[in-house]
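[1] Based on what follows, work out the 3D shape:
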Amino acid sequence: MKTCLVVLSCVALLAMLAYAQSADEGYQMARVVSFEKLAANEQHPEYADRYKISMRLGGTVYIGHASGPASLFLDWSGGKEFPSRLNGKIMEIKGPNGQVELNITGKKTPK
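    Below you'll find the predicted structure:
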């Protein structure tokens, strides 16, 4: 009886974990292809924290710009993977320090 109860508890726990992971519906793992901080523009100080980022999602590389404090991009480098999803011309990326919105300016598909 105890064994049956333990097995049922484990199955219920696994089901809850699977359900929690499905809450991120629509997100896929995207890999950082390139990441660089853009130079600050003295005429436009609001563009001080801008980054040019290329992300590979599926078979397509999306190129775009994102902005935010440097602390948001601490763990970003080429080869890292983050959960991402496309929403029109914006790629929503769940980084380790918060969500980033990449404004897509172009895309490339390998031949």
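[2] How many neighbouring residues does Glu101 have?
    By the measure other Cβ atoms under 10 Å, the count of residues near Glu101 is 15. C-beta: built from backbone N, CA, C; applies to glycine.
[3] Now it: which helix or strand?
    Secondary structure assignment for Glu101, by DSSP states H and E: strand 98-108.
[4] and that strand, what does it pack onto?
    Using 3 or more Cβ pairs under 8 Å, 6 or more residues apart in numbering; DSSP states H and E as the contact definition, the elements that strand 98-108 packs against are strand 60-67, strand 90-95.
[5] For my notes, please list the ones you listed in TSV and give mean pLDDT for each entry.
    As requested, the helices and strands packed on strand 98-108 are arranged in TSV below (pLDDT from 0 to 100):
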stretch	mean pLDDT
strand 60-67	95
strand 90-95	95
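[6] who wins for proximity to Lys80 among these?
    Comparison of the helices and strands packed on strand 98-108 against Lys80 by Cβ to Cβ identifies strand 90-95 as nearest, at 9.0 Å.
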